[in-house]
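A.B. asks: Next one to model:
(chains A and B)
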Amino acid sequence: MKPKSNRPVDLPLSQIIAVNAKSPVAMASILHRVSGIVLFLLIPVLLWVLQQSLVSESQFLSVLANPLVRFLVWIFVASTLYHFVMGMKHLFADLGMNEELNSGRVAAKVAFVIAFALIIASFFWVMF
Amino acid sequence: MKNNTGTKSATGLMGSGVRDWVVQRISAVVLAVYALAILGFFLFGTVDFLHWRAFIMSLPMRLFSLVAIVALSAHAWIGMWTVFTDYLTRSKLGNHANGLRFVAQALCVVAILVYLFWGVMIFWGAGVPQVF
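C.D. replies: Model (predicted):
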């Protein structure tokens, strides 16, 4: 299957990153995908932690005391918070809210601030 | 059943972009409410083994967890399909992209089925040895 036109479709990755890094809308979107992939990959870890935590009190305590487990759980919680906040932004956009260029930029920035604050709070909450 | 390109996707979840769109949003809302329920336990509940086990193994939460893991399976399928079909393409990776994408999607589906059945075993079956 050949491209229908001679339009260049193979832009260098550095150029794609340079252009999109300036756009909060684009960064919010790509990080939404990245957080989704991270969540997908960490689900077996969380299922294992859940399973261990339900076996017995000693298993519950030992799995929660493991710093590596706590760190991975925090990565999962942080990804969930980000994915949740950006998902809400997406659902509001589906309802026709903040779809224009300027309002979309504002919504992306507001969502970044909310997600960042929640992720910082969750670090202290999960790790300590 | 056809999307705008006139080609039906064989690897999407529902075989229709519009249906995938709807399923992605319904499952998103289910998972968001489930996340809030779990968060609610840790914020307002007593976090120790007996309360945690009683909470997770209560009938409402076992039902909710089952619904959530089914929603998660659909959500992950559609989300990963979107990622694979956007980045594992011929224009980005050359002629081997189609085969590579098919293998990636097959592995993804197997992983989702493992997550689904493992989750069902934890909430409904013998996934957790009964040690007291």
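A.B. asks: List the buried residues of the helix or strand hosting B:F55.
C.D. replies: Using DSSP states H and E, B:F55 falls within helix B:49-56. Neighbour-count burial for helix B:49-56, counted by 16 or more other CB atoms under 10 Å in any protein chain shown, picks out B:F49, B:W52, B:R53, B:F55, B:I56. Any C-beta I mention is one placed from the backbone N, CA and C, and that applies to glycine too.
A.B. asks: and these near chain A, which?
C.D. replies: B:F49, B:W52, B:R53, B:I56 (CB under 8 Å from any CB of the partner chain).
A.B. asks: which one of those is nearest chain A?
C.D. replies: B:F49 (4.1 Å; CB to the nearest CB).
A.B. asks: residues touching the closest one, list them.
C.D. replies: Going by CB atoms under 8 Å, 6 or more residues apart in numbering or on different chains, B:F49 touches A:S53, A:S56, A:E57, A:F60, A:L61.
A.B. asks: Tell me the helices and strands packed up against the lowest-mean-pLDDT helix or strand in chain B.
C.D. replies: Lowest on mean pLDDT, DSSP states H and E among the helices and strands of chain B sits helix B:90-93, with a mean of 82. Judged by 3 or more CB pairs under 8 Å, 6 or more residues apart in numbering or on different chains; DSSP states H and E, helix B:90-93 is in contact with helix B:97-124.
A.B. asks: in chain A, which spans are helices?
C.D. replies: Remark: helices assigned in chain A by DSSP state H are A:13-20, A:24-55, A:57-65, A:67-94, A:101-127.
A.B. asks: Any buried residues in the longest one, and which?
C.D. replies: Okay, so that is helix A:24-55. For helix A:24-55, by 16+ other CB under 10 Å, it's A:24-25, A:28-29, A:31-33, A:35-36, A:38-40, A:42-43, A:46-47, A:49-55.
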